[in-house]
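Novice: sequence and predicted model, in that order:
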Amino acid sequence: MMSPKAPVRITGLGCITAAGRNLQEGLTALDKGWRSPRAPDLFPTERSFPIFASRLSDDDNPLNLPDLGSFRALSRTVRLAARAVAEALADAELNAAALARARVGWCIGTSVGTSLEFFDYYRSYCQGREDSLETVYRYLSSNPSLALARLLGTRGPVQTVTNACSSGTDAIGLAADWIRNDLCDIAICGGADALCQIIYYGFSCLHLQSSEPCMPFDKKRKGLNLGEGAGIMVLESARHVKGRAVQGLVLGYGTCTDAYHLTAPHPETRGLRAALEQALLQADVQRKDIAFINAHGTATPTNDAAEGAFFREEFPHTPFLATKGSTGHTLGAAGAVEAIFTLAHLQRGKLPASPGFFEQDPLIGVSPLAVPLAIDGALAMSQSLAFGGNNSVLLLGKENHA
Amino acid sequence: MKISVNGFSCLGSFGSEAQDLARAIRKGQAATFVQQVDVSRLGDFFSARSLRQCDRFSRLALLGACLVLEDANLSPANIGNCGVVLATGYGPTTPTLDFLNSILAHGEKMASPLAFSLSVHNIPAAIVAKSLQAQGPCATVCQYESAVASGLMLASQWLHDGRVERVLFGAVDEYTNLLASISGRLAHLRANSGARKSRRNLPLSEGAAFFLLSKKGNSAVAHIDALSLQSIPDYGEISLPGDGSCFVSGSAPAEVLKCPGVLDGSKVYGNIPISAALDCAAALAMMRELGPAFSHCRCRNYGYGVFSEICLERACP
């Protein structure tokens, strides 16, 4: 049986998405309702479903590494993660010397980030030709947690979680347990995923992508838009924080599978309800304490219907919002990016409207925020639903959460 | 964080029986080295119809999970609040290639949605959870050779946090012609560069090992007494294993392989990222077969910039 656990301190936040190259830019985009979908021009395709690409240049060297060539040779997923890591470490006031003195764990969620992006290599292989092994070397050096630990020369536990779209949420929840169980002093955690040709084709053939900018929870929603990005949190033990600023707290984490269907959520959200119960128990709080909820809100008909039923029954009076209208669905990064947005909204005491939502779906019967809202709570929830029937929930609190 | 192993199973070129594995380890080589493991026993547990959309990787996982329940005298009906953790080096490769084949053959607009769905890395664990109705949490870790210790650490956390009563922890990697081709090219380059012999130069293979874990209690085969996993810039910082029994996998330094108690299963399993899990299964098989004469064993992996050690202690009957 689970029991209440101590909160874990969050000292740094960083994120990059199509909405912005850092957290502040992302929040500004949400506040102003900016959306930047574009044609799928990163890879060859016969389709025209829009994408949300991050602004990441080849010259980007966020960790100030001496060997830029080797860094460029890593996957785009790792380079996106590195951008968010640099922002989060600066936010936490942690430099290389501080990392060298501490036990530093890396827990990074991803979906695409562990897949070999080798379509061209494979095509050549099928034609009996041997391409350069550059693709293989990139794959072998780009497992996100291993690559980041190596780049920064840290010592501590490493974990790459591949739970599809709940990966980022899970990575933060699991890393918080590392801090509670004294497996490390600092846990750098979150999620990262880059846009990828094969994933784009896959979501196309599943008929899950919308030909227009996505509309989470809206009556006219047609599906998701793929995005890319990274969201990174720095968690630290109380002993290690030593008087530095605390941005917020990880209060509770719950995760549970539906054990029902491989690509669709349980119609009664069985697993999500179980994950919620776990998180509430761990945080020792009640539903009424939750000021608002960040929905997974992919804009697919089935996801939003299942989540809507969950909100209607479990949280009939709690405001919720969906942010994928500004970021696209960043897959393994989504849970982490949205947990970071959630904490930032909590700190600022205001919520943006949900980009892309205009009209309630009568079959859902509840709506995400359509206009900005001031809030004064100290606790919020972010949830992720994933392929495979995974459901994960994070409860995040302000630094002064009682 | 001590945990109990209440049952285990293993699949590989040695077969699907623990005694086959123990025998192969003692002989130092599998009787017949096969790259693709026989999963036909899955038919003892599920109808052909229910398996029709199950890819090879998921079949390896599902058979490993069924055999571990059989070993622990449990059925899906009485596993209680059980989580699933799957560790893998490369993830499900066959469905990924099936998806690419469908694109190459028919174009992106006619690509196979089923192959794409099955290629998502957490689907094999979801298939295990759904098939056995394990309704607790479910997670997959994918990080080459360190996946085994990482997944075990995750399972241990769930048990100690009270999220679940039991965890089905498994490790799976599969053989494909593409991976074998890449592995062969890398081995050829290593050999030509004068690099020392490595188990990574052995032929690629496939296999699975599953463990039913609970918090320390009765009816255990063994206990996991200690578990460490850390990124490390230089293996030179790690002390030598000493005299006790110690399986070693990955790219262990030469002086480690010379230590008296070192056991090497590489000739039995071939080149497989999850060899640390097969090492654990081999240690448990030897504990069962040899009794008090083989009561402690460590399983060390020297992975890509990550060192891990799993310490096993035979449970008293």
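Specialist: Perfect, thanks for sending it.
Novice: show me the helices in the stretch 201-317 of chain B, by range?
Specialist: B:254-257, B:266-269, B:275-290 (DSSP state H, counting those that start in this stretch).
Novice: OK, contacts around residue A:331?
Specialist: A:110, A:111, A:112, A:164, A:165, A:167, A:193, A:199, A:226 (C-beta atoms under 8 Å, 6 or more residues apart in numbering or on different chains). Where C-beta positions appear, they are placed from N, C-alpha and C, glycine not excepted.
Novice: against residue A:43, how distant is the closest residue to residue B:7 other than its chain neighbours?
Specialist: Using C-beta to C-beta, 6 or more residues apart in numbering or on different chains and skipping the chain neighbours, the partner closest in space to residue B:7 is residue B:72 (3.0 Å). Relative to residue A:43, residue B:72 is positioned 47 Å away (C-beta to C-beta, to the nearest Å).
Novice: and the helix or strand hosting residue A:177, does that touch chain B?
Specialist: In this assignment (DSSP states H and E), residue A:177 forms part of helix A:167-180. Yes. Helix A:167-180 is in contact with chain B by C-beta under 8 Å from any C-beta of the partner chain, via A:170, A:174, A:177, A:178.
Novice: after that helix, next one along is what?
Specialist: Using DSSP H and E, the first helix or strand after helix A:167-180 is strand A:186-193.
Novice: hang on, the earlier thing: which of the helices of the stretch 201-317 of chain B sits most buried?
Specialist: helix B:275-290 (a mean of 26; mean count of other C-beta atoms under 10 Å in any protein chain shown).
Novice: contacts only, for residue 71.
Specialist: Going with chain A. Taking C-beta under 8 Å, 6+ apart, one finds A:61, A:63, A:65, A:79, A:82, A:151 in contact with residue A:71.
Novice: let's do chain B instead
Specialist: B:7, B:8, B:9, B:18, B:212.
Novice: if we use 7 Å, what do you get?
Specialist: Neighbour list for residue B:71: B:7, B:8, B:9 [criterion: C-beta atoms under 7 Å, 6 or more residues apart in numbering or on different chains].
Novice: any low-confidence regions in chain A?
Specialist: A:401-402 (pLDDT under 70).
Novice: number of residues surrounding residue B:190?
Specialist: 15 (other C-beta atoms under 10 Å in any protein chain shown).
Novice: residue A:69 now?
Specialist: 7.
Novice: does it belong to a helix or a strand, and which?
Specialist: helix A:68-72.
Novice: please apply the same query to residue B:90.
Specialist: Judged by DSSP H and E, residue B:90 forms part of no helix or strand.
Novice: correct me if wrong: it contacts residue B:273.
Specialist: Yes. Here residue B:90 lies in contact with residue B:273, judged by C-beta atoms under 7 Å, at a distance of 6.4 Å.
Novice: out of the two, which sits in the busier spot?
Specialist: Higher neighbour count among residue B:90 and residue B:273: residue B:273, with 27 against 23, using other C-beta under 10 Å.
Novice: the residue located most distally from the centre of chain A and chain B, how far apart?
Specialist: What lies farthest from the middle of chain A is residue A:128; by C-alpha atoms, centre = their mean that is 39.4 Å. Plainly put, residue A:128 is 11 Å away from chain B if you go by C-beta to the nearest C-beta, to the nearest Å.
Novice: ok, that residue - contacts?
Specialist: By C-beta under 7 Å, 6+ apart, residue A:128 has no neighbours at all.
Novice: likewise residue A:306?
Specialist: A:265, A:267, A:269 are the contacts of residue A:306 under C-beta under 7 Å, 6+ apart.
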